[in-house]
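Predicted model follows, preceded by the sequence.
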Amino acid sequence: SLNSDTSDSECKGSQPLDSNHARNTVEQILTSKPAGMTVIKEYEETGSLKDSTRRLMVNIIVAHMREKE
């Protein structure tokens, strides 16, 4: 988990981390991709993610970030 005491001032142009905003952003990214729905479904059913599903989630999010560059 991210430490809320960490200053965001080192990251130029970033806003303070808001966990609700981060959660909503990740959910929005995942719901926009068919594979992302697999991640959401597993999390809703089990309350956790298998390692393989977690890697899938990270790959989806990173791909989204690279598309936005």
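That came in fine, so what should we check first?

pLDDT weak spots in this protein?
Applying pLDDT under 70 to the chain flags residues 1-16.

Measure how buried residue 27 is and give me the count.
Per other Cβ atoms under 10 Å, the neighbour tally for residue 27 reads 14. Where C-beta positions appear, they are placed from N, C-alpha and C, glycine not excepted.

likewise residue 57?
Counted with other Cβ under 10 Å, the neighbours of residue 57 add up to 21.

Tell me which helix or strand it sits in.
Counting by DSSP states H and E, the element that carries residue 57 is helix 51-67.

So which other helices or strands are in contact with that helix?
Secondary-structure packing of helix 51-67 (3 or more Cβ pairs under 8 Å, 6 or more residues apart in numbering; DSSP states H and E): helix 19-31, helix 34-46.

Alpha carbons of it, in PDB - could you do that?
The C-alpha coordinates for helix 51-67 follow below in PDB (Å, rounded to 0.1, in the frame of the first residue of the first chain):
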ATOM      1  CA  ASP A  51      -1.300 -13.800  -9.000                       C
ATOM      2  CA  SER A  52      -2.100 -14.400 -12.700                       C
ATOM      3  CA  THR A  53      -5.100 -12.200 -12.600                       C
ATOM      4  CA  ARG A  54      -3.200  -9.500 -10.700                       C
ATOM      5  CA  ARG A  55      -0.500  -9.600 -13.500                       C
ATOM      6  CA  LEU A  56      -3.300  -9.300 -16.100                       C
ATOM      7  CA  MET A  57      -4.700  -6.200 -14.300                       C
ATOM      8  CA  VAL A  58      -1.200  -4.600 -14.100                       C
ATOM      9  CA  ASN A  59      -0.600  -5.300 -17.900                       C
ATOM     10  CA  ILE A  60      -4.000  -3.700 -18.800                       C
ATOM     11  CA  ILE A  61      -3.300  -0.600 -16.700                       C
ATOM     12  CA  VAL A  62       0.200  -0.200 -18.000                       C
ATOM     13  CA  ALA A  63      -1.000  -0.700 -21.600                       C
ATOM     14  CA  HIS A  64      -3.600   2.000 -21.000                       C
ATOM     15  CA  MET A  65      -0.900   4.400 -19.600                       C
ATOM     16  CA  ARG A  66       1.300   3.800 -22.600                       C
ATOM     17  CA  GLU A  67      -1.600   4.500 -25.000                       C
END
